[in-house]
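>>> Pasted the sequence and its predicted model underneath.
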Amino acid sequence: MYSDIENIHKWGSWDISNSKPLIIAGPCSAESEQQVFDTAKKLKANGKVDIFRSGIWKPRTRPGQFEGIGHRALEWLQNMRDEIGLPFVIEVANTSHVEHALAASADALWIGARTTVNPFYVQEIAEALKGTDIPLLVKNPIHSDLGLWIGAFERFDKSGIKNLAAVHRGFYASNSAPYRNDPKWELSFDLRRLAPNIPIICDPSHIAGNSALVEQIAQVAMDIQMDGLMIEVHPNPKQALSDADQQLTPEQLDSLLQGLVTKSKYVTPLELQNIISKQRKILDNLDSQVVELLEKRMNIVDELGHIKADNKAGIFQMERWFDLLKQRGDQARDLGLNEDFINDLFQIIHKYSVEHQTGIYQGLRGEE
Ligand code: PEP
Ligand code: MN
């Protein structure tokens, strides 16, 4: 549905045409004018940073933690932009935030993970932004519901806001070790498939949760062709009032950006391209055989379903199912394949077999 968005490689006035990733960096929270200036000076000197980020209203899980400076910090950001020359992006979560941000001519806005999750908040912000063309970043919702992420884009789109980009910041999971959030990269692939023109920026800081792991996540984001990075940077991370563990020093950011292998640095010589395409042909052929085998298997499932239904036998036999999983699991182990992979695959195959046979039963009942 987004294929009609014209600014394919543009988000606001920033060109995200793949040669250089868009780099957004700055502290989790603006804490003092001094801290904003100290950080921004170093980020400007880095030369690769496009936009300064900082939260001024902080959505904290529990009360009593540092909840941000509030709209007073907008003046610091405006001064920073005037004197240092970096545009700034801040988070907004309600109409009042939007009004303050627009009055201060913020260069861009982002919607946080705890806001995307709630259609009421998203709608409220979409209404408040009507008639503006301010570039907007939409972070993924905190839990892995692609529909809510897409729904937020649809709400903004309906309000006439076209300068949209996504931020992939990972998803809450009960076990996301070694990261703070589970990256679930596949959700960003799904987003790209459904809305190919929306640029996707990765936020490795909130995925990693730990400064030592930020670089590896940032590299994965580049490897899967994301369009940019939003990275938390603080002049003195240990003293940070929020997200102290995951913020980089400006020097650490310099070294991360220096070492990053970006799309423009990838080379795929012709010879390598030929090898890759030969191997892919072999894979295509094998995949086609897998589908043909699944079709043969489904025909037997169908025959069996009719036999069971005619004889009024139950569809699902627990022992048979456990036996099947064990046999295929043993076979996988003998072949050196990951047992979980084969187990997951047969869960899907079995689910559709049972569904198919249930359909046969229902069809026969309908005829009775
Ligand atoms: C942030 O960027 O500091 C932030 C609060 O992010 P998220 O909404 O992704 O948790
Ligand atoms: Mn943060």
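Received, thanks. Residues are numbered from 1 along each chain as shown. Ligands and ions are numbered 1, 2, ... in the order given.

>>> Now the residue in the chain positioned nearest to ligand 1: closest residue in space that isn't a chain neighbour?
Nearest to ligand 1 in the chain, going by CB to the nearest ligand atom, is residue 112, at a distance of 2.9 Å. (Each C-beta comes from the backbone N, C-alpha and C, glycine too.) Once flanking residues are discounted, residue 112 sits nearest to residue 91: 5.0 Å by CB to CB, 6 or more residues apart in numbering.

>>> For ligand 2, see how far away the one you found is.
Using CB to the ion, to the nearest Å, residue 91 is found at 9 Å from ligand 2.

>>> Check the offset of the host helix or strand of residue 361 from the chain's centre.
If you go by DSSP states H and E, residue 361 is part of helix 339-367. Mean-position distance between helix 339-367 and its chain equals 31 Å (CA atoms, centre = their mean, to the nearest Å).

>>> next one: stretch 323-340
32 Å.

>>> List the buried residues in that stretch.
325, 328-329, 332 (16 or more other CB atoms under 10 Å).

>>> so what's residue 184 up against?
Shown in contact with residue 184 (CB atoms under 8 Å, 6 or more residues apart in numbering): 144, 170-171, 173.

>>> Check the gap between it and residue 131 for me.
35 Å (CB to CB, to the nearest Å).

>>> got it, and residue 338?
Noted for residue 338: a distance of 53 Å to residue 131, by CB to CB.

>>> May I ask you to name the longest helix in this protein?
As assigned by DSSP state H, the longest helix anywhere in the chain is helix 270-310.

>>> hmm, stretch 196-211 in reach of ligand 2?
No - judged by CB under 5 Å from the ion, stretch 196-211 and ligand 2 are separated, with a smallest distance of 6.1 Å.

>>> okay, how far is it across that stretch, tip to tip?
31 Å (CA to CA, to the nearest Å).

>>> Just confirm yes or no for it near ligand 1.
Yes - using CB under 6 Å from any ligand atom, stretch 196-211 reaches ligand 1 at residue 206.

>>> if you skip the residues just before and after it, what's nearest to whichever residue of the chain sits closest to ligand 2?
Of all residues in the chain, the one sitting closest to ligand 2 is residue 28 (3.3 Å; CB to the ion). Excluding its sequence neighbours, the residue lying closest to residue 28 (CB to CB, 6+ apart) is residue 243, at 4.0 Å.

>>> one step back: check the spacing between the residue nearest to residue 112 and residue 26 real quick.
12 Å.

>>> and these two? which has more neighbours close in?
Of the pair residue 91 and residue 26, residue 26 is the one with more neighbours under other CB atoms under 10 Å, namely 30 against 24.
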